[in-house]
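Q: Attaching a predicted model along with its sequence, questions to come.
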Number of protein chains: 2
Amino acid sequence: MMVETIAIIGCGAAGATAALQARKFNRSVKIVIFNEEPYSQYSRCGLPYTISGKVASFDDLILTPPENWASLKIEAKFSTRVTAIDHNARELTYEGESEKGTLKYDALIFATGARNADPPIEGLDKDRVYGLRTIDDAKALAKEAELAKNIVIIGGGLIGMEAAEAFHERGVNVTVVEFLPDILLAMVDSDIAKIIEDHCSEHGIKIMTNTAAEAILGDGEPTAVRVKSRETGETKEIPADAVIVATGVRAVTDLAASIGVEIGPAHGIKVNDRMETNVSGVYACGDCCEHVEFVTRKPMIGGLGTVAVRQGRVAGINAAGGDVKFPGIVGAKVTKLFGLEIASTGFTDNLAKRFEVPVVKGSVKGLTRPPYYQGGKEIKVKTYYEKSTGKLVGGQVVGVEDAAMRINVLTLGIQCKINAAQLFDFENCYAPAVCDTWDPIVTSADAARRRLKM
Amino acid sequence: MMVETIAIIGCGAAGATAALQARKFNRSVKIVIFNEEPYSQYSRCGLPYTISGKVASFDDLILTPPENWASLKIEAKFSTRVTAIDHNARELTYEGESEKGTLKYDALIFATGARNADPPIEGLDKDRVYGLRTIDDAKALAKEAELAKNIVIIGGGLIGMEAAEAFHERGVNVTVVEFLPDILLAMVDSDIAKIIEDHCSEHGIKIMTNTAAEAILGDGEPTAVRVKSRETGETKEIPADAVIVATGVRAVTDLAASIGVEIGPAHGIKVNDRMETNVSGVYACGDCCEHVEFVTRKPMIGGLGTVAVRQGRVAGINAAGGDVKFPGIVGAKVTKLFGLEIASTGFTDNLAKRFEVPVVKGSVKGLTRPPYYQGGKEIKVKTYYEKSTGKLVGGQVVGVEDAAMRINVLTLGIQCKINAAQLFDFENCYAPAVCDTWDPIVTSADAARRRLKM
């Protein structure tokens, strides 16, 4: 069947990429994209930096200016919700600020993203309690950076820590409250997390780990957050004029479920390698869907911009009549906090346990340049290998330079299914001004290779 | 046959690594290492930076302090030449400053390195005309940095350009004379070379390309270098108090040839994947030997520190009774000139022609960070693919940051034999403060993939 109309719900990284790639692939297909937010595609990951000013203006974050859609002959409807879908009739109903209507489609792409999952904390409904997921959240928080003296951030994940840095840079007292024993545990092991905690503490962030936020206190607006140590049971009140809740997200799947699309065990829309759901002609991509973890092929939600655009491309091209595949999620992540680059890929120790893969590790401390050359910086590298096969399955790198790009090498290694011996044979480039003859990622492979007797 | 004694000739990166790895593998074997130079293993690549002061002292370059050899039960004989070898008797004769003698060996490793190849230029025998290959060369040049007003560097390869930067930083007027149409053509294509030439010129280096150095003029010491444009035939005299000749090297193979070791078509000692020569029990590693180019398996001399240590490890372990293999030379290279990182791996356009591999390229200009985030720097990425298979065979990256580590991704890609479509599927990490969602190496693969119709 010729596809004549593609409807895309959601104009984030996944949805916008799907639209652009569908158009690139098929010049004649009609494409309509719906977005609940009033904005065209913007960089969600850039939001924390509008608070600190490292992104100069909110407009800079807009990756596809509204006028571009028309020039690509893509109909983009902002501030518009899809309220119902009749998939038997292949028709959806939408409702905008000034316009209501229906659209007949042949192919439908869900790119509905995720929403903040409200944790069990009292007082979340007060004013000056924020999430940080939308441009409107960021606009409100940018104002708080001028008003608030004390801010409490509940959740020490990527968003929480990036927001912490931004508020600190604006002169606000920042306390991060993390329920787990360490921050960033979705990304790094505890020993690496502790390096990051020390680094951020030295730069003035107060971090309380192993601590439950119980209630946001105050009348109408916060005055403090009551927290409880999970170790000692001790309760404290942390003064707060404003609170950010960054405790994780949940895939938005209701609309998809309403037309019989299967929701998977990772609570995302289930898709195959073509990003197609169980319902023919219906695709999903980005944070709303689950695909597979690369090594085990077990269900996993990416929750990453890189994954969203790659899935969006696949969904868009296939919806437009093509046939391309998404290879699975490795999960390469990176951030920078107070100059420290923190990068990880594939399994951490925790993730390996969750995916039930026994692992062997190589862990080294190295320098970014040879010891004899000025200015080399300490770098910590950990690599993980499947115990039964020696196959590379994960890595973490932390240092003030060249962490992200080293993770890229490891990610490609995971995608190429190399083992510790092959990573040890990796011919890294070398020059005194840049890096040493045996790169720390190679020496970490060497350590593991010996343990694996390869 | 049990190996009781290993003799190693040469204590550079290859020889020293061979000795250390032989010891690591075999705790009882006797190991004797001979070095013509008075120094223990030092970093040859670090030499230019002793001139600029980025390496603080010559002692810092010594990677294995002399006393370490004894503690490893390795006999190290410095300022000692091996003068003759009777391989039938498995005995070599050596001659040091205070000691002569013979040594019976079971296994012999040639790590004799390379020497500067004298180009056909008049006046090379004058004082204040230097190579830059040994610590003694660097010591003499460090003094020249205080004496000379004008220096001419003949040869715009890696060593020549690194020396040029160093002398410029010491306040000396530097002219680089390059015979070929561009500098660094062993490493990059002309378009990339021109970016580097502009950058170095802006920083005050005078670069004359397509220019033959004909004669070093002056009585006893240089006063000028006479050069001739290969384009116009015009002749000029460039004032020079001192001259560096950096026009390339030649493998040192005489001693090996004297015992019947085969010298290959690339003019290096021929070895197999175990780094063993045609003569049983005789190995070679580093700049004196030729192995194979990774993609075509055709003969090639590495001429790189990274390759030397990796080959040295293989030769050392095998000489000590082990059985490991060297996988072939990709040829990853990097340097930094006036803050610009220049990195390449595998085939350039020229190398692809020399190795007779028709290629397709992907070439992109990108930014090291997303456009909306402050401080992203321009980066130029070129990737090469075998036309018949789409397999990645080379890459070049130039930019003021993150060039080297991107080349590392490409090198691993070449080693894993991925094609353009697989590199396009590479899941690079992303964060606004670090890099964008589609890394320039991925978009370069995309460009090539389209051309290859993959």
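A: Ah, there it is. Not measured: the values here are computed from a predicted model.

Q: Helix or strand: which one has the residue in the stretch 51-200 of chain A that chain B sits nearest to?
A: Using Cβ to the nearest Cβ, the closest approach of the stretch 51-200 of chain A to chain B is made by A:Asp60 at 4.1 Å. C-beta: built from backbone N, CA, C; applies to glycine. Using DSSP states H and E, A:Asp60 sits in helix A:58-61.

Q: what comes into contact with that helix?
A: A:42-43, A:46-47, A:50, A:55, A:135, A:138-139, B:371-372 (Cβ atoms under 8 Å, 6 or more residues apart in numbering or on different chains).

Q: and the two most separated of the residues you listed?
A: A:Lys139 and B:Pro371 (20.6 Å; Cβ to Cβ).

Q: ok, A:Gly220 touching A:Gly123?
A: No: contact criterion Cβ atoms under 8 Å: A:Gly220 and A:Gly123 do not qualify, at 10.2 Å.

Q: For A:Tyr283, give me its contacts.
A: Residues near A:Tyr283 by Cβ under 8 Å, 6+ apart: A:18, A:107-110, A:271, A:274-277, A:315, A:318-319.

Q: Buried members of the residues you listed into PyMOL, please.
A: Filtering the contacts of A:Tyr283 down to the buried ones (16 or more other Cβ atoms under 10 Å in any protein chain shown) takes a single PyMOL command:
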select buried, chain A and resi 18+107+108+109+110+271+274+275+276+277+315+318+319
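
Q: Please narrow the contacts of A:Tyr283 to those residing in strands.
A: A:107-110 (DSSP state E).

Q: got these as a markdown table, with distance to chain B columns?
A: Shown next, in a markdown table, are the ones in strands among the contacts of A:Tyr283 (distance: Cβ to the nearest Cβ, whole Å):
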| residue | distance to chain B |
| --- | --- |
| A:Ala107 | 23 |
| A:Leu108 | 24 |
| A:Ile109 | 18 |
| A:Phe110 | 20 |
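
Q: Pick the one among those residues closest to A:Glu37.
A: A:Phe110 (15.9 Å).

Q: ok, that closest one - contacts?
A: Taking Cβ under 8 Å, 6+ apart as the criterion, A:Phe110 is in contact with A:9-10, A:253, A:255-256, A:261, A:269, A:277, A:282-285, A:288-289.

Q: do you know how far it is from B:Ala431?
A: 26 Å (Cβ to Cβ, to the nearest Å).

Q: before we move on, what about A:Asn173?
A: From A:Asn173 to B:Ala431 the distance is 25 Å (Cβ to Cβ).

Q: With A:Ile342 instead?
A: 9 Å.

Q: Common neighbours of these two, please.
A: With Cβ under 8 Å, 6+ apart as the test, A:Ile342 and B:Ala431 both reach A:334-336.

Q: Just the residues you listed: which are in strands?
A: Short answer: the shared contacts of A:Ile342 and B:Ala431 in strands (DSSP E) are A:334-336.

Q: which residues of chain A fall in helices?
A: Using DSSP state H, the helices of chain A run over A:13-25, A:48-52, A:58-61, A:66-71, A:135-147, A:158-169, A:190-202, A:254-258, A:305-319, A:349-354, A:403-415, A:420-424, A:440-452.

Q: Can you point out the buried residues in the shortest one?
A: By neighbour count on 16+ other Cβ under 10 Å, the buried set for helix A:58-61 is A:58, A:60-61.

Q: go on, the fifth one?
A: Of all the residues in helix A:135-147, those buried under the rule 16+ other Cβ under 10 Å are A:135, A:137-138, A:141-142, A:144-145.

Q: May I have the phi/psi pair for the residue positioned nearest the centre of chain A?
A: The structure's chain A has its C-alpha centroid closest to A:Leu304; by Cα atoms, centre = their mean the separation is 3.2 Å. The phi/psi pair for A:Leu304 (degrees, to the nearest 10) reads phi -130, psi 140.

Q: ok, it - contacts?
A: Residues in contact with A:Leu304, defined by Cβ under 8 Å, 6+ apart, are A:329, A:331-333, B:430.

Q: thinking A:Val177 is in contact with A:Arg226, fair?
A: No: the pair A:Val177 / A:Arg226 is not scored as a contact, 10.2 Å apart, by Cβ under 8 Å.

Q: Give me the common contacts of these two.
A: Common contacts of A:Val177 and A:Arg226 (Cβ under 8 Å, 6+ apart): A:213, A:238.

Q: neighbour count winner among those two?
A: Between A:Val177 and A:Arg226, A:Val177 has the larger neighbour count (other Cβ atoms under 10 Å in any protein chain shown), namely 28 against 17.

Q: beta partners for the more buried one?
A: A:Val177 forms beta bridges with A:Ile154, A:Met208, as assigned by DSSP bridges.

Q: Just list the residues touching it, thanks.
A: Counting by Cβ under 8 Å, 6+ apart, A:Val177 touches A:152-156, A:208, A:211-213, A:225, A:227, A:238.

Q: Which pLDDT value belongs to it?
A: pLDDT for A:Val177: 98.

Q: ok, back up a step: please convert the buried residues of helix A:135-147 to JSON lines, extending it with pLDDT and distance to A:Asp118.
A: Below are those laid out as JSON lines (pLDDT from 0 to 100; distance: Cβ to Cβ, whole Å):
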{"residue": "A:Ile135", "pLDDT": "95", "distance to A:Asp118": "20"}
{"residue": "A:Asp137", "pLDDT": "96", "distance to A:Asp118": "14"}
{"residue": "A:Ala138", "pLDDT": "96", "distance to A:Asp118": "19"}
{"residue": "A:Leu141", "pLDDT": "97", "distance to A:Asp118": "18"}
{"residue": "A:Ala142", "pLDDT": "96", "distance to A:Asp118": "23"}
{"residue": "A:Glu144", "pLDDT": "96", "distance to A:Asp118": "20"}
{"residue": "A:Ala145", "pLDDT": "96", "distance to A:Asp118": "24"}
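
Q: re earlier: show me which of A:Gly220 and A:Gly123 is the more surrounded one.
A: Higher neighbour count among A:Gly220 and A:Gly123: A:Gly123, with 16 against 9, using other Cβ under 10 Å.

Q: more neighbours, A:Asn173 and B:Ala431?
A: Neighbour count, other Cβ under 10 Å: between A:Asn173 and B:Ala431, B:Ala431 has more, with 27 against 18.

Q: which strand residues sit across from that one in the sheet?
A: Applying DSSP bridges, one finds that B:Ala431 bridges with B:Cys435.

Q: Do you know the pLDDT at it?
A: Model confidence at B:Ala431, expressed as pLDDT, equals 95.

Q: Tell me who's in contact with it.
A: Counting by Cβ under 8 Å, 6+ apart, B:Ala431 touches A:45, A:333-336, A:404.

Q: Counting neighbours, what do you get for the residue nearest to A:Ser57 when sequence neighbours are not counted?
A: Setting aside the residues directly before and after it, A:Ser57 is nearest to A:Thr50 in space (Cβ to Cβ, 6 or more residues apart in numbering or on different chains), at 7.5 Å. By the measure other Cβ under 10 Å, the count of residues near A:Thr50 is 24.
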